[in-house]
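Asker: pasting a predicted model and its sequence here:
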Protein chains: 2
Amino acid sequence: MPVREEAEPILGLLRAQGGRVTTSRRAILEAFLGMGGHVTAEALTTRVQSAQPDVHESTVYRFLDDLERLGVVDHVHLGHGPAVYHLSSDSHHHLVCDGCGAVVEVPEATFAELRTRLRDDFGFALQPRHFAVTGRCRRCSEAD
Amino acid sequence: MPVREEAEPILGLLRAQGGRVTTSRRAILEAFLGMGGHVTAEALTTRVQSAQPDVHESTVYRFLDDLERLGVVDHVHLGHGPAVYHLSSDSHHHLVCDGCGAVVEVPEATFAELRTRLRDDFGFALQPRHFAVTGRCRRCSEAD
DNA sequence: ACGCTATCGCAATCAGCTCGCTATAACGAC
DNA sequence: GTCGTTATAGCGAGCTGATTGCGATAGCGT
């Protein structure tokens, strides 16, 4: 199981910062790695609880927060509704359809021209990672 | 007072759709027009209540919703925290600094190249009006 | 094996918003 | 005018998503 291999260096990093590796944290991290991609805190909690029933939601939020501070994960707001978490090594931008909620992942390079323009014209350093960019997907814009 | 003049055609539009012009609605609309720019529902409620103390928050939300359906206002999420409402005739995009929360308004044309690229490459019709685009303002990116 | 303290589970609380209910009041018809 | 219909108001409860304060527990360095 490659999940286990991914988990250990992260737990090592945590320990190196003076953090403690608990059974709850191990369970949360392994569940997270096992789910892959974009995960809500609620979905992760449910999954963890199927193995460890009394790991509490707040523990999941707090640990995800810690992982974010360690630079291991990022969370993104895809519009209304809960934030999703993903490995920060898997970096990309998100387009979200506000018709159907579909998520399109696009490479950072797509935003290069806009980034230059915003920097030059407004002194603004574009960083659309924490909030998705919204619009309409192909299907929904055809339906309009 | 130019506010009154702006309010009447909107109330006329409302009436034309079978809506009723009540004293609460009049008060909300006039307060909104009197505040100008980006207004949160909470700030608007407080302002309305200084004149009409028992206009309820939920009435403000419902009426803002109606005005949005009539095409008079739009609401935008500038990041975390409450949404802000503005006249839809005053259309522009929003850049928000996630360091200090500063809001920069930019003309739609700024996004023209990105819009074309997203349409051509991903079939995605960019519409970054309902959620702001995030990044770091000049001051915060210099501080980094 | 001990002790310091980070972390846990838990419930309460938060913000921002939405909804269901009943009394009221707008507006069209007469 | 005034009357009847029905849209709307005020009120409180309820919703989702997330955060916090607390004492009890359990990691882990010594």
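Answerer: In hand now; what should we look at?
Asker: bridging residues for the residue most central in space within chain A?
Answerer: In chain A, the centroid-proximal residue (CA atoms, centre = their mean) is A:Y85; its distance is 2.3 Å. Beta-bridge partners recorded for A:Y85 (DSSP bridges): A:V39, A:H75.
Asker: any idea of the pLDDT on it?
Answerer: pLDDT recorded at A:Y85 is 97.
Asker: quick one: it and A:V73 touch, right?
Answerer: Yes. With contact defined as CB atoms under 8 Å, A:Y85 counts as touching A:V73 (5.1 Å). No exception for glycine: its C-beta is placed from N, CA and C like everyone else's.
Asker: ok so, going back, contacts only, for the residue nearest to the centre of chain A.
Answerer: By CB atoms under 8 Å, 6 or more residues apart in numbering or on different chains, the residues touching A:Y85 are A:32, A:38-41, A:44, A:64, A:73-76.
Asker: nearest spatial neighbour of A:V96, skipping sequence neighbours?
Answerer: A:A132 (4.4 Å; CB to CB, 6 or more residues apart in numbering or on different chains).
Asker: residues touching that neighbour, list them.
Answerer: By CB under 8 Å, 6+ apart, the neighbours of A:A132 are A:76-79, A:93-96, A:103, B:131.
Asker: I'd guessed A:V103 sits against A:H94; true?
Answerer: Yes. Between A:V103 and A:H94 there is a contact under CB under 8 Å: 5.7 Å.
Asker: show me which of the two is the more surrounded one.
Answerer: A:H94 (21 against 16; other CB atoms under 10 Å in any protein chain shown).
Asker: so that one, which of the three states?
Answerer: Here A:H94 is recorded as strand under DSSP: H, G, I helix; E, B strand; the rest coil.
Asker: quick revisit: anything in contact with each of A:Y85 and A:V73?
Answerer: A:32, A:64.
Asker: shared neighbours, A:V103 and A:H94?
Answerer: Counting by CB under 8 Å, 6+ apart, the residues touching both A:V103 and A:H94 are A:78, A:132.
Asker: picking that back up, can you redo the contacts of A:A132 as JSON lines with pLDDT and distance to DNA strand D?
Answerer: Below are these laid out as JSON lines (pLDDT from 0 to 100; distance: CB to the nearest atom of the strand, whole Å):
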{"residue": "A:V76", "pLDDT": "95", "distance to DNA strand D": "10"}
{"residue": "A:H77", "pLDDT": "95", "distance to DNA strand D": "7"}
{"residue": "A:L78", "pLDDT": "94", "distance to DNA strand D": "10"}
{"residue": "A:G79", "pLDDT": "91", "distance to DNA strand D": "10"}
{"residue": "A:H93", "pLDDT": "91", "distance to DNA strand D": "19"}
{"residue": "A:H94", "pLDDT": "93", "distance to DNA strand D": "15"}
{"residue": "A:L95", "pLDDT": "94", "distance to DNA strand D": "19"}
{"residue": "A:V96", "pLDDT": "93", "distance to DNA strand D": "14"}
{"residue": "A:V103", "pLDDT": "92", "distance to DNA strand D": "15"}
{"residue": "B:F131", "pLDDT": "91", "distance to DNA strand D": "14"}
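Asker: and those, which is closest to DNA strand C?
Answerer: For the contacts of A:A132, the minimum distance to DNA strand C (CB to the nearest atom of the strand) is 11.7 Å, reached by B:F131.
Asker: so that closest one touches B:H77, yeah?
Answerer: Yes. Between B:F131 and B:H77 there is a contact under CB under 8 Å: 5.0 Å.
Asker: next, the contact list for A:V48, please.
Answerer: By CB under 8 Å, 6+ apart, the neighbours of A:V48 are A:24, A:27-28, A:31, A:55, A:60.
Asker: swap the cut-off to 6 Å and go again
Answerer: A:27-28, A:31, A:55 (CB atoms under 6 Å, 6 or more residues apart in numbering or on different chains).
Asker: which two of those residues have the greatest separation?
Answerer: Across the contacts of A:V48, the longest distance by CB to CB is 9.3 Å; it joins A:A31 and A:V55.
Asker: spell out which parts of chain A neighbour DNA strand C.
Answerer: A:14, A:18-20, A:22, A:24-25, A:52, A:54-56, A:58-59, A:62-63, A:66 (CB under 7 Å from any atom of the strand).
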